[in-house]
Each structure stands twice: as structure tokens, then as C-alpha cells.
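> Predicted coordinates and the sequence they were generated for:
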Amino acid sequence: MRWLGWARSIVAGWVTLLAIAYGLEGPLLRLPLFGPVWIATAHLAFDCLTLAAAGWVAGRLNRHYAVLSAMLFASTLCFWDFGDALALNVPWLLRLAGNSFHDSRYFDSLAASVETHLILFGCLIAGAALSRPKEKAV
């Protein structure tokens, strides 16, 4: 029945991710809180918080395997294009990597995109790590 715990944490992670990204983050970014210079930074910060929250929920529902649950959840994210809602788009990143082999002008964009994806996946794993049970002091 361990697979039921994995499935539950992945589904809960998806629900959390979609609810925050489309229900909270999108409307907040449309408000005139940030100037045009800061909108990309604010979007990345909100994406980091969204993925950390989704990782925390996925890890919390399978606490003894929190990080592994988050990694399984992260692997399901690799197949989707979230458009403007989330800066996570692994299929596009793979196409960009292929293009950079054919034309070196794409390399700078590839480096920036890989860094962004590493930060976002790192936030997801960090959120899951925060959901682990506390270790008892000896």
C-alpha cells in the first residue's frame, strides 16, 4: 500500500500547485504592485514560493519519504508546459538545448533557463525537506 501514499502525495502536490499558481499567483501578478522592471523577478519569487508550498504538501502527506515524494512529484512536472502561470517548462528547455547545439546564439538563453529550472526544482525539494518529521534529540 506504499504506492497509495506516493499517489496521494503527488495528487495533493498537483492540486496545491495549480491552486496557488492559477488562483493566487496569477491575480497577484496582475495587480499594479510591481513596476515593469520588477515583474520578472516577482514572477520568479512567486514561482519559487508556489513550488516550495507544493513540495511541502507532497512531502507532508508522505512524511517518512518526503524528499522522494517530492522527486516523484517533480518528475510528473517535467511533461507539462504551464504557459505564463509558471516558469517551469522542461519540454521547451530540451528543445532549447537542441537548438543551442545547432546555433551558439541560443547558449546564453539555455544557461539562464537551466539556472531558473534548477532554482525552481530546488525550491520544491527544499519545501519537501521542511515537511519531514523532526528527529528526536538523544
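Noted; the coordinates are in hand. Numbering: from 1, shown residues only.

> which regions of this protein lie under the pLDDT threshold?
1, 137-138 (pLDDT under 70).

> change it to 90
By pLDDT under 90, the weakly predicted segments of the chain are 1-7, 25-43, 61-68, 80-89, 99-107, 131-138.

> quick one: buried residues of stretch 90-109?
Neighbour-count burial for stretch 90-109, counted by 16 or more other Cβ atoms under 10 Å, picks out 90, 93, 96, 100, 106. Using the backbone N, CA and C atoms, a C-beta is placed for each residue, glycine as well.

> and what of stretch 4-14?
6, 9-10, 12-14.

> Might you report the residue contacts of Val67?
Counting by Cβ atoms under 8 Å, 6 or more residues apart in numbering, Val67 touches 59, 125, 128-129, 132.

> mind redoing it with 10 Å?
Val67 makes contacts with 55, 58-59, 124-126, 128-129, 131-132, as judged by Cβ atoms under 10 Å, 6 or more residues apart in numbering.
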